[in-house]
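In: got a sequence here, can you build the structure:
(2 chains)
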Amino acid sequence: MTTLKSARIARIENLPKEDQEALGKTEGFAIIEIRNSEPKEEIKLIGEDGIRGYFLSLGRFAEVDIS
Amino acid sequence: MVTIIPCLEVMKSVTDNNIDSAPSKLRVEAFQLANELIAEADAKILMPSQLYDKIALRLNAEQKNAFETLYTIDKSTQAVATYDLYRATKLVADAESKARPIVIILGENIDSYAIPTNYKIKVVKPQEFIDKIKCIRELKKKGNMFDMREAIVFSFLG
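Out: I've put the predicted structure just below:
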């Protein structure tokens, strides 16, 4: 079980070629994560659901009124 | 660097599990574009801790870690009883505008924020923000050679 420690947003155009090949894309946006326990980088595509979809991929939001 | 401060109503929509209404979808789209500008135009998404503390109630541990590393949380007025969300936003925007070429406050109930009359602070609704950023991108796609950050400053401040 890994734990997300940090996240960055990046343009896929600016990623190294090998990362672009791994993602299968040359443009768009991606999230660069660092996960523990042994710190390791993971790159995820930001899909059609955008950054909100990324947050939802980490879990559902708590149903709390924040007015 | 461009600074974007999202308002509560925007972040409420972003952290809502079900977004069905057209206004909610617009807020989420505007926030998405703001995020893309982080990578595209060296933008910064900034929020006072009064705002983040509210949103954090909806986030799990991993979402909080992502949030706190993707965005800048200004804790200047944290736990200061006399500073509510609106007053904290005004203070942070005012200070930020002295250090950055433009501060964009993204929200709808903008009258509530009593935004300072600093010319470098622009308060925009989601639709206006989306239209302007898409327009800049279109111009760039057509081969116009300009710096994205400068184009944003020019487009929003005129």
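In: contact residues of chain B facing chain A?
Out: B:8, B:12, B:14-17, B:19, B:28-29, B:31-32, B:35-36, B:38-40, B:54-55, B:57-63, B:65-67, B:69-70 (Cβ under 8 Å from any Cβ of the partner chain). In short, each C-beta sits where N, CA and C put it, glycine included.
In: just checking, which of those belong to helices?
Out: B:8, B:12, B:14, B:28-29, B:31-32, B:35-36, B:38-40, B:54-55, B:61-63, B:65-67, B:69-70 (DSSP state H).
In: out of the residues you listed, which end up buried?
Out: B:8, B:12, B:14, B:28-29, B:31-32, B:35-36, B:38-40, B:54-55, B:62-63, B:65-67, B:70 (16 or more other Cβ atoms under 10 Å in any protein chain shown).
In: and the gap between the most centrally placed residue in chain A and residue B:40?
Out: Nearest residue to the geometric centre of chain A (Cα atoms, centre = their mean): residue A:31, 3.1 Å. Distance, residue A:31 to residue B:40, by Cβ to Cβ, to the nearest Å: 15 Å.
In: got it, and residue A:54?
Out: Applying Cβ to Cβ to residue A:54 and residue B:40 gives a distance of 17 Å.
In: helices of chain A, residue ranges please.
Out: Using DSSP H, helices in chain A cover A:17-23, A:50-57.
In: low pLDDT regions in the chain?
Out: Just going to use chain A. Within chain A, no stretch has pLDDT under 70.
In: wrong chain, I was asking about chain B
Out: Ranges of chain B meeting pLDDT under 70: B:113-118.
In: hang on, the earlier thing: among the helices of chain A, which comes closest to chain B?
Out: Nearest to chain B, of all these, is helix A:50-57, at 3.9 Å by Cβ to the nearest Cβ.
In: so where do the strands sit in chain A?
Out: A:3-11, A:29-36, A:40-45 (DSSP state E).
In: CA atoms only: put the helix or strand encompassing residue B:136 into PDB for me.
Out: Using DSSP states H and E, residue B:136 sits in helix B:126-141. The C-alpha coordinates for helix B:126-141 follow below in PDB (Å, rounded to 0.1, in the frame of the first residue of the first chain):
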ATOM      1  CA  PRO B 126     -16.100  31.500 -14.600                       C
ATOM      2  CA  GLN B 127     -17.600  32.100 -18.000                       C
ATOM      3  CA  GLU B 128     -15.400  35.200 -18.600                       C
ATOM      4  CA  PHE B 129     -12.300  33.400 -17.400                       C
ATOM      5  CA  ILE B 130     -13.000  30.400 -19.700                       C
ATOM      6  CA  ASP B 131     -13.700  32.600 -22.700                       C
ATOM      7  CA  LYS B 132     -10.500  34.700 -22.300                       C
ATOM      8  CA  ILE B 133      -8.200  31.700 -21.700                       C
ATOM      9  CA  LYS B 134      -9.700  29.900 -24.700                       C
ATOM     10  CA  CYS B 135      -9.300  33.000 -26.800                       C
ATOM     11  CA  ILE B 136      -5.600  33.300 -25.900                       C
ATOM     12  CA  ARG B 137      -5.000  29.600 -26.700                       C
ATOM     13  CA  GLU B 138      -6.700  30.000 -30.100                       C
ATOM     14  CA  LEU B 139      -4.500  32.900 -31.000                       C
ATOM     15  CA  LYS B 140      -1.400  31.000 -29.900                       C
ATOM     16  CA  LYS B 141      -2.600  28.000 -32.000                       C
END
